[in-house]
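**Student:** just need the structure, nothing else, for what follows:
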Amino acid sequence: LPSGSQRDLLASQDIKSLLNIPLMRGGACIGFVGFDSVRTPHTYSRDEQMLLHVYAEMLVNVLDRQDAGKILRESEEKHHSLFSLVRLMSDTMPDMLWAKDLDKRYIFANTAVCKHLLNAKDTSEPIGKTDMFFALRERASHPDDPTWHTFGELCADSDTLTLNNMKEMQFDEYGTVKGTFLYLDVHKAPLLDNEGNLIGVVGSARDITARRRAEKRIDQQLAENELLIKEVHHRIRNNISSIASLLTMQSRSVTDPAAIAILQDAIARVSTMRVLYEKLLNSADHVAASVKPFVEGLVSTAAALFPD
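**Tutor:** Numbers count the residues shown, from 1 in each chain. A predicted model of the protein is given here:
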């Protein structure tokens, strides 16, 4: 036993001999483990000392495992909470969101893509399956209707293109889903792990069917309006030319100088209208126009009409 007050304390407990080994963890002492003899004094052998050292190390390892397990559980809980948040956010968004492995099998799919494209029963059904699985299932459900599911048939293999180019890419993908035409604005990018290794592709899609239909209607209306405007322009030019021709013919059939002067003035006015109309018609800006080209045209017309 040690000398001094510690010896008296141990003796009061009938301890005759004591062997203590510190529990060292991370360079710090966190406690002790030991043997004591309460009957007779005992000199501990080297084997007994080694046994106690091994036991101390085992206790420290157990504590390390407990802490590691706690950290792992906390990490798992954190990741589970984060995944639940991502799942909730992705399932409430109207856009389609998914991820695939290098074999083009789904590893993640949100509610929108399951409902509006794959016709999957839930978000877990696509996992491990490809687009073709769901396409064939849809076609098999309506064998007498070849237009029931045609989505992607006329589109390029955007997964392969994205993986080959190793960059974010945009695609227009379309076709019928459950008998209804669907047009998607698709964005895809390579999927990399934490070490930068390529493991798949991620994608998102927005249903722009209504927008495309509206754009098509607008284009049709613009084309119709352009055709109508061209016809109106053609008729206006014809009418101006007809008026000028009639006035010219009339001026040639009269001999009264006053009447001829009046007709020539009318011809000049009509010619001025024609010049102004042609300039405005061919102008790139129909809101504002320079006066210079109009004046130059008027002077040229006047010089042609009144050479003297």
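
**Student:** relative to Leu191, how far out is Leu198?
**Tutor:** Using Cβ to Cβ, to the nearest Å, Leu198 is found at 7 Å from Leu191. The way it works is simple: take the backbone N, C-alpha and C, and place the C-beta from them, glycine included.

**Student:** sorry, wrong one. I was asking about Asp172.
**Tutor:** As for Asp172, its distance to Leu191 is 22 Å (criterion: Cβ to Cβ).

**Student:** same question, Gly34
**Tutor:** Gly34 sits 56 Å away from Leu191, taking Cβ to Cβ as the criterion.

**Student:** those two: which has the busier surroundings?
**Tutor:** Leu191 (20 against 13; other Cβ atoms under 10 Å).

**Student:** residues contacting the more buried one?
**Tutor:** Leu191 sits next to 99-100, 198-202 when contact means Cβ atoms under 8 Å, 6 or more residues apart in numbering.

**Student:** filter those down to the buried ones.
**Tutor:** Neighbour counting with 16 or more other Cβ atoms under 10 Å marks 100, 200-202 as buried within the contacts of Leu191.

**Student:** export these as TSV, with columns for pLDDT.
**Tutor:** Listed next are those as TSV, based on pLDDT from 0 to 100:
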residue	pLDDT
Lys100	97
Gly200	97
Val201	97
Val202	97
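
**Student:** run through the helices of the stretch 201-308 of the chain in chain order.
**Tutor:** Per DSSP state H, counting those that start in this stretch, the stretch 201-308 of the chain carries helices over the ranges 209-253, 257-282, 291-305.

**Student:** let me know which of those helices is tucked in deepest.
**Tutor:** Highest mean neighbour count among the helices of the stretch 201-308 of the chain (mean count of other Cβ atoms under 10 Å): helix 257-282, with a mean of 15.

**Student:** helix 209-253 and that one, what's the angle between them?
**Tutor:** Angle between the axes of helix 257-282 and helix 209-253 is 160 degrees (criterion: axes from the mean of the first three to the mean of the last three Cα atoms, to 10 degrees).

**Student:** who does helix 257-282 touch, helix- and strand-wise?
**Tutor:** Under the contact definition 3 or more Cβ pairs under 8 Å, 6 or more residues apart in numbering; DSSP states H and E, helix 257-282 sits against helix 209-253, helix 291-305.

**Student:** got the ones you listed as JSON lines, with distance to Arg46 columns?
**Tutor:** Below are the helices and strands packed on helix 257-282 laid out as JSON lines (distance: least, Cβ to Cβ, whole Å):
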{"stretch": "helix 209-253", "distance to Arg46": "84"}
{"stretch": "helix 291-305", "distance to Arg46": "114"}
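
**Student:** tell me which of those sits nearest to Leu263.
**Tutor:** helix 209-253 (3.9 Å; Cβ to Cβ).

**Student:** from Lys16, how far off is Arg46?
**Tutor:** Distance, Arg46 to Lys16, using Cβ to Cβ: 20 Å.

**Student:** looking at the two, which is more packed in?
**Tutor:** Higher neighbour count among Arg46 and Lys16: Lys16, with 14 against 7, using other Cβ under 10 Å.

**Student:** export the contacts of Leu191 to JSON lines and append columns for distance to Asp185 and secondary structure.
**Tutor:** Putting those into JSON lines (distance: Cβ to Cβ, whole Å; DSSP: H, G, I helix; E, B strand; the rest coil) gives the following:
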{"residue": "Ala99", "distance to Asp185": "18", "secondary structure": "strand"}
{"residue": "Lys100", "distance to Asp185": "18", "secondary structure": "strand"}
{"residue": "Leu198", "distance to Asp185": "25", "secondary structure": "strand"}
{"residue": "Ile199", "distance to Asp185": "25", "secondary structure": "strand"}
{"residue": "Gly200", "distance to Asp185": "21", "secondary structure": "strand"}
{"residue": "Val201", "distance to Asp185": "17", "secondary structure": "strand"}
{"residue": "Val202", "distance to Asp185": "15", "secondary structure": "strand"}
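
**Student:** save those as a markdown table, and put in distance to Tyr55 too.
**Tutor:** Formatted as a markdown table, these follow (distance: Cβ to Cβ, whole Å):
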| residue | distance to Tyr55 |
| --- | --- |
| Ala99 | 50 |
| Lys100 | 53 |
| Leu198 | 50 |
| Ile199 | 46 |
| Gly200 | 50 |
| Val201 | 54 |
| Val202 | 52 |
